[in-house]
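In: Mind folding the following:
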Amino acid sequence: MSEKPNETSAGTPADAEPAVSKTGRGVTSPMDSPTEQFPAMKLSERDVPRTDEELGLDPDVPTTGERAAVADTAATPPADRAEDPADDTETAAYAYASIPPAANAPGEPSKAARRRNAENRRGTLDLGLLVLRLVVGAIFLYHGLQKLTGWFHGPGLDGTRDMMADGGWDHPTLSTILLVVGEVGGGALLVLGLATPLAAGAVLAVILNAWAWKQGMIPGFQFSAAVPTGVEIDSILAGAATAIILTGPGRWALDRTRGWATRPSFGSFAALVAAVVAAGLTFWYLHGGNPLTGIGPFG
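Out: Okay, here's the model as predicted:
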């Protein structure tokens, strides 16, 4: 009886000994010493987004065309789409739904309506530009019709040509044509508010030539309108034509849909520079001489 325990102890296999974990403690559960190996994960080759812009968190309201494209894509059979499900999974991993903007409060105008209202707050600006255009255009049209038709006790074409020849213009016929076209054409277009930068540039070139011609007749600064060679009225008309070029004709004009009608920019400034250069070249070629003779350092 006393030897049975020894036999039982000797007959116990070595594998039956209590298992010991790597920490030195006894193993009480299979989970204390796991032997399962997890499969290696394949890293995606796509760049991991790190910013809000890359994640696509910014609200983006799709346009009508984009919504139609999404609807067509949704209606496409699965067989026609990409065959690689991995691509769809990677694409969908970072696809975020568009967040529409919050609706306006009841009675509050939309952003587009507020923008239109701000643009319409021009007060009497368009009315003032209309008056300026009508006055300047009518003055040039009046003098142009005097030279073209002889109306309003004007000299007519022949009288204008003789006047240009007596005034020292080298090519009186060409000078008469340019003068009449500039006054009649430019004045009429200003009244209508059509092609305003070109029309105002034409009358500006005409009045600058008249200014230079009067100023060069007698040495010294001739400004007062009380003398025949005074350039006071010519200076006022030149300033008014310049203002029309730089401000535009306003919305009460045939050019109201053009950008230069309400928001003139570099194009209008280029028209102003072109008019001044054209006036200088015309006076140099058709008349010549220094119109600033006797004025300070110029003569």
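In: So for Asn104, what pLDDT did the model give?
Out: Each residue has a pLDDT score; the one for Asn104 is 67.
In: and Arg161, what element?
Out: With secondary structure defined by DSSP states H and E, Arg161 is part of helix 156-166.
In: start to end distance for stretch 210-226?
Out: 17 Å (CA to CA, to the nearest Å).
In: buried set for that stretch?
Out: Neighbour-count burial for stretch 210-226, with 16 or more other CB atoms under 10 Å as criterion, is recorded at 210-216, 222. Backbone N, C-alpha and C define where each C-beta goes, glycine included.
In: Show me which positions of the helix holding Arg161 end up buried.
Out: Judged by neighbour count using 16+ other CB under 10 Å, the buried positions of helix 156-166 are 157, 160-161, 163-164.
In: C-terminal to it, which secondary structure element comes first?
Out: Downstream of helix 156-166, the first helix or strand assigned by DSSP H and E is helix 172-180.
In: Which other helices and strands does that following helix contact?
Out: With contacts defined as 3 or more CB pairs under 8 Å, 6 or more residues apart in numbering; DSSP states H and E, the packing partners of helix 172-180 are helix 125-149, helix 156-166, helix 196-215, helix 266-286.
In: try 6 Å
Out: Using 3 or more CB pairs under 6 Å, 6 or more residues apart in numbering; DSSP states H and E as the contact criterion, the secondary-structure elements in contact with helix 172-180 are helix 125-149, helix 156-166.
In: closest one to Thr242 among the ones you listed?
Out: Thr242 lies closest to helix 125-149 among the helices and strands packed on helix 172-180, at 10.5 Å (CB to CB).
In: Quick check: mean pLDDT of that closest one?
Out: Model confidence over helix 125-149 averages 96 on the pLDDT scale.
In: Need the contact partners of that helix.
Out: Contacts of helix 125-149 from elsewhere in the structure, counted by CB atoms under 6 Å, 6 or more residues apart in numbering, are 151-152, 154, 160, 180, 183-184, 186-188, 190-191, 203, 240, 249-252.
In: Save the helices and strands packed on helix 172-180 as CSV, and put in distance to Thr257 too.
Out: Shown next, in CSV, are these (distance: least, CB to CB, whole Å):
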stretch, distance to Thr257
helix 125-149, 14
helix 156-166, 37
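In: Nearest approach to Asp234 belongs to which of those?
Out: Among these, if distance is taken as CB to CB, the winner is helix 125-149, at 11.2 Å.
In: So for that closest one, what gets flagged as buried?
Out: Residues of helix 125-149 classed as buried: 126, 129-130, 132-133, 136-137, 139-141, 143-148 (neighbour count, 16+ other CB under 10 Å).
In: now do stretch 241-251
Out: Within stretch 241-251, the residues scored as buried using 16+ other CB under 10 Å are 241-242, 244-245, 247-251.
In: ok, residues contacting stretch 161-177?
Out: In this structure, residues lying in contact with stretch 161-177 by CB under 6 Å, 6+ apart are 160, 286-287.
In: Buried ones among the contacts of helix 125-149?
Out: Burial by neighbour count, 16+ other CB under 10 Å: within the contacts of helix 125-149 this picks out 154, 160, 180, 183-184, 186-188, 190-191, 203, 240, 249-252.
In: Now, these that are in helices?
Out: 160, 180, 186-188, 190-191, 203, 240 (DSSP state H).
In: State the pair within the residues you listed that is farthest apart.
Out: Spanning the widest gap among these are Thr160 and Ala240, at 23.4 Å by CB to CB.
In: Which pLDDT value goes with the closest residue to Gly220 other than its chain neighbours?
Out: Leaving aside its chain neighbours, Gly220 sits nearest to Gly294 (4.3 Å; criterion: CB to CB, 6 or more residues apart in numbering). Per-residue confidence (pLDDT) for Gly294: 71.
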